[in-house]
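Asks: Sequence and computational prediction follow.
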Amino acid sequence: MDSFTVLNKAISEGHEVYALSFDYGQRHVKELKVAAQVCQALNVPHKIVDISAINQLIGGSSLTDDIDVPEGHYQEESMKSTIVPNRNMILLSLAVGYAVSLKASQVYYGAHSGDHAIYPDCRPEFVQKMSDVCKIANYDAVEIVSPYLNNTKIDILTDGLKMGLDYSHTWTCYNGREKACGKCGACQERLEAFRLNDVVDPLPYEA
């Protein structure tokens, strides 16, 4: 949902966009299929990169290992089990490498304020320092751009609805089943965003 909105925002701003998705062994692999469908519909070049071998090094998360995905809101301590160690630093580094190869000057990143409580690599200080490093890591500077860094999921949906986006073409649930569970932190936050925007979520839910 966040990346979908960021993608469309970048396109609406007139950028030439190249999309990246990563298979890092996540159980919600359905998001990769949805991303491919979205990019095909938008005629955006899209790569899905298999980096699942890194699970030999960064296990222990309920998103990648045989650990139950916790239920409840992101503010709850239990949600820390969904942290994949150093994930976003790794993914951003790979994206920056791709940007350099394309002679692109920016990498768009969908971090937002709702993630700040649980995920250190979604906080403003991380994004700023990562961007600073990426500007000097290569001969060509690359900036990390996070348009919704200080906005909530509610704000992201509000902006997306103003752009006329169809959120039936997105996937948020941490469980990779046919329908969204409606109970994990990702679903809870998504449903809250729709409720507070007075809009019905178009995705089918188990409960």
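Replies: Perfect, thanks for sending it. Numbers count the residues shown, from 1 in each chain.

Asks: which helix in this protein runs the most residues?
Replies: Longest helix in the chain, counting residues (DSSP state H): helix 87-102.

Asks: Do you know the pLDDT at the residue in the chain sticking out farthest from the centre?
Replies: Note on the chain: the largest C-alpha distance from the chain mean falls to residue 139, namely 27.6 Å (C-alpha atoms, centre = their mean). In the predicted model, residue 139 carries a pLDDT score of 97.

Asks: Next: the one 10 residues further on.
Replies: Residue 149 is assigned a predicted lDDT (pLDDT) of 95.

Asks: Could I get the contacting residues of it?
Replies: Applying C-beta atoms under 8 Å, 6 or more residues apart in numbering, one finds that residue 149 lies in contact with 111, 112, 113, 124, 127. C-betas here are computed from N, CA, C, even on glycine.

Asks: now do 10 Å
Replies: 109-113, 115-116, 122-124, 126-128 (C-beta atoms under 10 Å, 6 or more residues apart in numbering).

Asks: Tell me the gap between the helix or strand of the chain with the lowest mean pLDDT and the middle of its chain.
Replies: Sorting the helices and strands of the chain by mean pLDDT, DSSP states H and E puts helix 185-196 at the bottom, at a mean of 92. A distance of 15 Å separates the C-alpha centroid of helix 185-196 from that of its chain, computed with C-alpha atoms, centre = their mean, to the nearest Å.

Asks: buried stuff in it?
Replies: Neighbour-count burial for helix 185-196, with 16 or more other C-beta atoms under 10 Å as criterion, is recorded at 185, 186, 187, 188, 189, 190, 191, 192, 193, 194.

Asks: now swap in stretch 151-162 and tell me
Replies: Of the residues in stretch 151-162, those buried by neighbour count under the rule 16+ other C-beta under 10 Å are 151, 152, 153, 154, 155, 156, 157, 158, 159, 160.

Asks: Dump the residues you listed to CSV, plus secondary structure and distance to residue 3.
Replies: Output for these, formatted as CSV (DSSP: H, G, I helix; E, B strand; the rest coil; distance: C-beta to C-beta, whole Å):
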residue, secondary structure, distance to residue 3
151, coil, 14
152, coil, 16
153, helix, 12
154, helix, 17
155, helix, 15
156, helix, 10
157, helix, 13
158, helix, 17
159, helix, 14
160, helix, 11
